[in-house]
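Peer 1: Here is a sequence together with a model predicted from it:
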Amino acid sequence: MAKSIWQRAALAATGILLLGALAGCAAAGAAAVTAPPKAQTKAPPKAGFTDTKTVENLQVTLMADPYKVGENKFMVDLNQTDVKTVEAQIIMQSMGHGQVLDLVQTSPGHWEASSKVIDMVGPWMIRVQAVTAADAELTATFMTQVKE
């Protein structure tokens, strides 16, 4: 059934009145608030690089922070504490350059070093080599991408 122009106008007027009433309630509610809303806390964005590889029975977790061009801190966590030395070979294969870092043990199973070896964005390979007390050389290879 078709509605007359007067019925349509009445429906439109009712809709406008409802919208005005809702807007007034919203304004009154906003004015009644005395304290500012709490700031929402967001988790900080994940920075750096973290990956884990297992070689034989040795679990190697490599972390690099902030993992960008410039100074970076390289950290290696091992699930074994009978490791004598740890080194990280950080290589940009496509450009033919890199550096070998001797990591220092800062606590049982945790090794660290800092370097500016990351000097450009692109693909990098990081080989972590651990020498155990039994003189076994175990190597975990990580393929990574440095972004701006």
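Peer 2: Great, that's in hand. Residues are numbered from 1 along each chain as shown.
Peer 1: Tally up the residues packed near residue 70, please.
Peer 2: Around residue 70 there are 9 other residues, counting by other C-beta atoms under 10 Å. Using the backbone N, CA and C atoms, a C-beta is placed for each residue, glycine as well.
Peer 1: oh sorry, the question was meant for residue 147
Peer 2: Residue 147 has 9 neighbouring residues, counting by other C-beta under 10 Å.
Peer 1: Then residue 131?
Peer 2: 14.
Peer 1: got it, and residue 71?
Peer 2: When neighbours are counted by other C-beta under 10 Å, residue 71 registers 11.
Peer 1: Please parse this structure into its domains.
Peer 2: Under automatic domain parsing, the residue ranges defining each domain of the chain are 1-37, 49-146.
Peer 1: Thought residue 130 was touching residue 58, still the case?
Peer 2: Yes - Residue 58 lies in contact with residue 130 (C-beta atoms under 8 Å); the separation is 6.3 Å.
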